[in-house]
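**Q** quick check, what structure comes out for this input:
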Amino acid sequence: MKKLILLLLFIPLINACSKSDDDSQTFLERYDGVGFYNEVYPVVDYWYFYNSNIFLKYVETSEYGVACDSVSEGFSDYFQGTISIVTNKNDNLLVEITSDDLSYSPISIEYNVSGNNLTINSDGEIINAIKTDVTHSSFTCTL
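**A** Numbering: from 1, shown residues only. Below is the predicted model:
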């Protein structure tokens, strides 16, 4: 009986240790290579995260074709500004885009994951996406 009680007391300790290991990972470490999608017919958007210089790859599929883009820290021709990772913790990634010529206010984009769900908050605009098994490499970019 004593052994059973000790075993039951030990199980939560093992679980607590494994949970703290997950908490020590950054968002990009934890979701390296993981994709999420959102479908609003006729468009399907995909977001893929990577623990590398290019930390985000975006794919948009529609009746017109497949458009692909990638995001890394530093200057962006598309935004004419600088992209910075502000927070990279566990289930939260916060990215800020700042205009180099002050032609627009800073843009904040926050990515939060809970289970298989990704919530993207871009300055108050909310997008919900679901984890996908479709890989980024399965797309052929045409646009």
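
**Q** what does stretch 116-136 rub up against?
**A** 34-38, 45-48, 57, 59, 107-113 (Cβ atoms under 8 Å, 6 or more residues apart in numbering). All C-beta atoms are positioned from the backbone trio N, CA, C, and that covers glycine.

**Q** mind doing that once more with 6 Å?
**A** With Cβ atoms under 6 Å, 6 or more residues apart in numbering as the test, stretch 116-136 has contacts from 35-38, 48, 57, 108-112.

**Q** list the buried residues in that stretch.
**A** Of all the residues in stretch 116-136, those buried under the rule 16 or more other Cβ atoms under 10 Å are 118, 120, 127, 129, 132, 136.

**Q** beta partners for the fifth one?
**A** The residues listed as beta-bridge partners of residue 132 by DSSP bridges are residue 35.

**Q** on that earlier part again, of the contacts of stretch 116-136, buried ones?
**A** 35-38, 48, 57, 109-111.

**Q** start and end of stretch 132-140, how far apart?
**A** 17 Å (Cα to Cα, to the nearest Å).

**Q** now do the phi/psi pair for the closest residue to residue 30 other than its chain neighbours.
**A** Spatial nearest neighbour of residue 30, chain neighbours left out: residue 90 (6.7 Å); criterion: Cβ to Cβ, 6 or more residues apart in numbering. As for residue 90, its main-chain torsions (degrees, to the nearest 10) stand at phi 30, psi -90.

**Q** what of the one 10 residues further on?
**A** When quoted as degrees, to the nearest 10, the phi and psi of residue 100 stand at phi -70, psi -30.

**Q** pLDDT at the nearest residue to it once chain neighbours are set aside, what is it?
**A** If the residues on either side of it in the chain are set aside, residue 100 comes closest to residue 81, at 5.3 Å by Cβ to Cβ, 6+ apart. Per-residue confidence (pLDDT) for residue 81: 94.

**Q** residue 98 versus residue 81, what's the distance?
**A** According to Cβ to Cβ, to the nearest Å, residue 81 stands 5 Å off from residue 98.
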